[in-house]
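Undergrad: Structure, please.
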Amino acid sequence: MTYISNVRAYFCLSLLLFSGCATNRSKQAEPLSSRELSDFFGRAQDPRSFWITVYETEDGPRFAGAHRLHTGKFAERSFESRRKSDAPLISVFFRGQNEQLALLDTSSRASWMTYELAIATGMIALGPPAYRLYPTHVNDPIPGYLSVASRLSLGDLHIENALLYVKAAKGNLHSLMRDRDRVRAPVVLGADFIRAFYYVQIDFPNRVVRFSSTEAYTPNPDRLIATAPLREINASIAVSGLLNGEETPFLLDSVGDFELALPVEKPTTVRQIILGDLVLRHLTATPSSALDLGMPAIPRIGIKALNKFIVTFDAHEKNIYFERPQ
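TA: I've put the predicted structure just below:
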């Protein structure tokens, strides 16, 4: 078989595999046909042709050489979400396209985009073998396939060889948006995107996200509340803390519309959470099952607990800073 025939055969088989796993949760999604998959992935290219090296890790493949940044660049993007929403929805640009909306989701291990936008922007699938991923931060039975964008821009800050998983279904990103008010965004930027920068800062009170390509971040000592080590759980952004005095890892969820999500049977009140020197008291805990979240056994801190703070994810120093607003 030729190279292209191998790619097409692989993706046709993948379509059959994931179609058999679909549940009612995906009834709004229309899976791609075998022809659509074949047409899109028929021009797949080896990651090495983009100077991307693939490393296997316990959390799955990592891609060195992706999300390339120019030195000394900085970008500031205002929230595009409605005033009643604290979700960091920002504008981005793909080469040759108009402005697109993207949701910055720290709980998503990877970045995602719609099939329609992938076609419009000339995304190129990577493979063979294909890099297929099912969402782990939400319950969604439809996978995405890893593809590369030659350029993704945040104003004057350009990201070369940005990697995103193209959802193998038509229409919006469905459960990846997690809120019907946000279904119009065709892009989710996850933890892999955030880790590419020296730091990414979500200023919830001022509704701004800041990105630095190579310049370090020094917290303002007059505003700094706490510093906590930046951790990973299944490649999502996490932090260690205390839940009612017991040491616990937490996912930080910049999209979750709740204070706290726990593996409990009914809503309850949590007396105290401590993250470094930051103390959060009397939080309402929502059952993870009611939110249809992936990794339900891991507690999550959502935006209703984070929206009072400036939260900086310093991937270079592997710290998370919590500061008071200016």
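Undergrad: residue ranges for the helices of the stretch 151-300 of the chain, please.
TA: Assigned by DSSP state H, counting those that start in this stretch, the stretch 151-300 of the chain shows helices spanning 191-194.
Undergrad: show me where pLDDT drops low in it?
TA: For the stretch 151-300 of the chain, applying pLDDT under 70 flags the ranges 180-183.
Undergrad: at 90 instead, please
TA: For the stretch 151-300 of the chain, the stretches with pLDDT under 90 are 171-172, 174, 178-184.
Undergrad: what sits against Leu251?
TA: Shown in contact with Leu251 (Cβ atoms under 8 Å, 6 or more residues apart in numbering): Thr106, Ser107, His137, Ile233, Ser236, Ile237, Ala238, Met295, Ile298, Pro299, Arg300, Ile301. Backbone N, C-alpha and C define where each C-beta goes, glycine included.
Undergrad: at 6 Å what do you get?
TA: Ser107, Ser236, Ala238, Ile298, Arg300 (Cβ atoms under 6 Å, 6 or more residues apart in numbering).
Undergrad: repeat for Leu243
TA: Ile273.
Undergrad: Quick check: bridge partners of it?
TA: Glu246, Ile273 (DSSP bridges).
Undergrad: next one: Ala149
TA: Ala162.
Undergrad: circling back to that earlier point, is it possible to get CSV of the contacts of Leu251 that adds distance to Val92 and neighbour count?
TA: Output for these, formatted as CSV (distance: Cβ to Cβ, whole Å; neighbours: other Cβ atoms under 10 Å):
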residue, distance to Val92, neighbour count
Ser107, 19, 29
Ser236, 21, 26
Ala238, 25, 26
Ile298, 29, 21
Arg300, 25, 26
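Undergrad: Now flag whichever of these is closest to Asp46.
TA: Ser236 (27.7 Å; Cβ to Cβ).
Undergrad: Centroid-nearest residue for this protein?
TA: Closest residue to the average C-alpha location of the chain: Gly190 at 1.8 Å, with Cα atoms, centre = their mean.
Undergrad: Closest to Pro221 out of the contacts of Leu251?
TA: Closest to Pro221, out of all of the contacts of Leu251 and judged by Cβ to Cβ, is Ala238, at 25.6 Å.
Undergrad: residue contacts, that closest one?
TA: By Cβ under 6 Å, 6+ apart, the contact list for Ala238 reads Arg231, Pro249, Leu251.
Undergrad: Quick check, pLDDT for the nearest residue to Phe309 once chain neighbours are set aside.
TA: Among residues not flanking Phe309 along the chain, Phe322 sits closest, at 4.9 Å (Cβ to Cβ, 6 or more residues apart in numbering). Per-residue confidence (pLDDT) for Phe322: 98.
Undergrad: what's the helix or strand for Arg77?
TA: Following DSSP states H and E, the helix or strand that holds Arg77 is strand 74-78.
Undergrad: how many degrees apart are the helix or strand just after that strand and strand 74-78 in direction?
TA: Downstream of strand 74-78, the next assigned helix or strand under DSSP H and E is strand 89-94. Here strand 89-94 runs at an angle of 130 degrees relative to strand 74-78 (axes from the mean of the first three to the mean of the last three Cα atoms, to 10 degrees).
Undergrad: backbone phi and psi for the closest residue to Asp292 other than its chain neighbours, please?
TA: Excluding the flanking residues, the one nearest Asp292 by Cβ to Cβ, 6+ apart is Asn139, at 5.0 Å. Note on Asn139: backbone dihedrals following degrees, to the nearest 10 are phi -90, psi 110.
Undergrad: Can you show me the strands along the stretch 51-200 of the chain?
TA: Remark: strands assigned in the stretch 51-200 of the chain by DSSP state E, counting those that start in this stretch are 53-57, 60-64, 68-69, 74-78, 89-94, 99-104, 112-113, 124-125, 132-133, 144-154, 157-167, 169-170, 187-189, 199-203.
Undergrad: Make JSON lines from these and add mean neighbour count and distance to Lys266 to it.
TA: Formatted as JSON lines, the strands of the stretch 51-200 of the chain follow (neighbours: other Cβ atoms under 10 Å; distance: least, Cβ to Cβ, whole Å):
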{"stretch": "strand 53-57", "mean neighbour count": "11", "distance to Lys266": "37"}
{"stretch": "strand 60-64", "mean neighbour count": "14", "distance to Lys266": "34"}
{"stretch": "strand 68-69", "mean neighbour count": "16", "distance to Lys266": "45"}
{"stretch": "strand 74-78", "mean neighbour count": "17", "distance to Lys266": "38"}
{"stretch": "strand 89-94", "mean neighbour count": "22", "distance to Lys266": "31"}
{"stretch": "strand 99-104", "mean neighbour count": "20", "distance to Lys266": "29"}
{"stretch": "strand 112-113", "mean neighbour count": "26", "distance to Lys266": "32"}
{"stretch": "strand 124-125", "mean neighbour count": "20", "distance to Lys266": "44"}
{"stretch": "strand 132-133", "mean neighbour count": "16", "distance to Lys266": "33"}
{"stretch": "strand 144-154", "mean neighbour count": "22", "distance to Lys266": "34"}
{"stretch": "strand 157-167", "mean neighbour count": "23", "distance to Lys266": "33"}
{"stretch": "strand 169-170", "mean neighbour count": "18", "distance to Lys266": "33"}
{"stretch": "strand 187-189", "mean neighbour count": "27", "distance to Lys266": "30"}
{"stretch": "strand 199-203", "mean neighbour count": "22", "distance to Lys266": "30"}
